[in-house]
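In: return atomic coordinates for the entry below.
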Amino acid sequence: MKIGNTKFKKHPTMPGFWIAGGFGSDDVIEQRARAINALQLADGCTAVCGRKDEDDSYLLYLVPHSNPVDVARFFKVGSCGGYSDCDDSAEALKVIDLVNRKAEIVPYFADTNGFKFVFRDGLDFSLPAFLEKVITVGAEAMMDAEGKIGSTILGRGFVHLWWD
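Out: This is a model prediction of the structure:
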């Protein structure tokens, strides 16, 4: 399958999933995922820069789910991949679900520690305050020097959460 100038191949062990690699850096993969999602080029799928336990590096995945909670579950977000004692996967799924219920989100990065997303309909100025309330113990968000996430979200246009 080809989307734009990106050639995907079927995932060898997961029916319905497609992968592409060889991009050199995670940032390039994230940019491609965001572009595919923004243009809605992969109907019924979400393009994600992701890494599963069995992957040697980050890959561009086409995940056959549009629900962000399903995407997070697939990448075991919050489980920390055995790098620490944490397993906040249930909490991670809860936070992601709460945010998505408030304003639809489109993930473009996911692994056992982190999850990055944009808001499908753009950023509403009430969302940073809402995020401050729902991000709970175990989760961290990219924030400014004062410990607030609002200015970071407004300045960058995306949300980056992680668990470690």
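In: please count neighbours and contacts with C-alpha atoms only from this point.
Out: Fine.
In: in this protein, where is pLDDT below threshold?
Out: Filtered on pLDDT under 70, the chain yields the residue ranges 41-42, 80-88, 136-145, 147-157, 160-164.
In: which stretches in it count as helices?
Out: With helices called from DSSP state H, the chain shows them at 26-38, 68-74, 89-102, 127-134, 150-156.
In: how about the ones you listed in JSON lines, adding mean neighbour count and distance to Thr46?
Out: Listed next are the helices of the chain as JSON lines, based on neighbours: other Cα atoms under 10 Å; distance: least, Cα to Cα, whole Å:
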{"stretch": "helix 26-38", "mean neighbour count": "19", "distance to Thr46": "6"}
{"stretch": "helix 68-74", "mean neighbour count": "20", "distance to Thr46": "8"}
{"stretch": "helix 89-102", "mean neighbour count": "18", "distance to Thr46": "14"}
{"stretch": "helix 127-134", "mean neighbour count": "14", "distance to Thr46": "22"}
{"stretch": "helix 150-156", "mean neighbour count": "16", "distance to Thr46": "21"}
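In: turn those into JSON lines, including distance to Ile19.
Out: Listed next are those as JSON lines, based on distance: least, Cα to Cα, whole Å:
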{"stretch": "helix 26-38", "distance to Ile19": "11"}
{"stretch": "helix 68-74", "distance to Ile19": "14"}
{"stretch": "helix 89-102", "distance to Ile19": "23"}
{"stretch": "helix 127-134", "distance to Ile19": "31"}
{"stretch": "helix 150-156", "distance to Ile19": "27"}
